[in-house]
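In: Quick one, what's the 3D model for this:
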Amino acid sequence: MNRKVIGTAAFLLVGMAGAVFAQSAPEAASAVSGLKYFAAALAVGIACIAGGMAVGRIGAAAMGAMSENAELSGKALPFVGLAEGICLWGFLVALLIILL
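Out: Numbers count the residues shown, from 1 in each chain. Here you go, the predicted model:
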């Protein structure tokens with residue numbers, strides 16, 4: 001099967017779990033709380049995966065540039081830091097989702 005179809009089916013199954021187990025008003029608050037943690041985990045997960053992909057591409061480009069000109073080593077470091085900052089923003093978003 002196609003990976004997109006499997007990923008979409010898994011996402012829908014997880015997303016519908018709250019609707020399946022919702023029974024009464026007190027448990028509805030618990031379902032919202034569960035979705036809140038799921039959203040926070042999704043924010044951190046996507047941000048860290050994107051940050052890792054960015055660091056990988058920037059690191060590969062920096063190594064290629066440094067092999068041609070060794071003076072470029074200090075100029076590539078801030079770009080790696082910016083890419084790692086994506087993970088920190090994902091963590092902050094998750095923290096705001098959980099606390100608010």
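
In: Okay, buried residues for the helix or strand where K75 lies please.
Out: Per DSSP states H and E: K75 is located in helix 73-99. Within helix 73-99, the residues that count as buried by 16 or more other Cβ atoms under 10 Å are A76, A83, I86, C87, G90, V93, A94, I97. The way it works is simple: take the backbone N, C-alpha and C, and place the C-beta from them, glycine included.

In: Next, work out how far apart the second one and N2 are.
Out: Right, the one you point to is A83. Separation of A83 from N2 (Cβ to Cβ, to the nearest Å) stands at 30 Å.

In: Report the separation between A61 and L92.
Out: 27 Å.

In: meant to ask about S33, not that
Out: Distance, S33 to L92, by Cβ to Cβ: 20 Å.

In: before we move on, what about L77?
Out: 23 Å.

In: do the same with V55
Out: 18 Å.

In: Which is the succeeding secondary structure element to the one helix or strand T8 maps to?
Out: Per DSSP H and E: T8 is located in helix 3-21. Downstream of helix 3-21, the first helix or strand assigned by DSSP H and E is helix 25-68.
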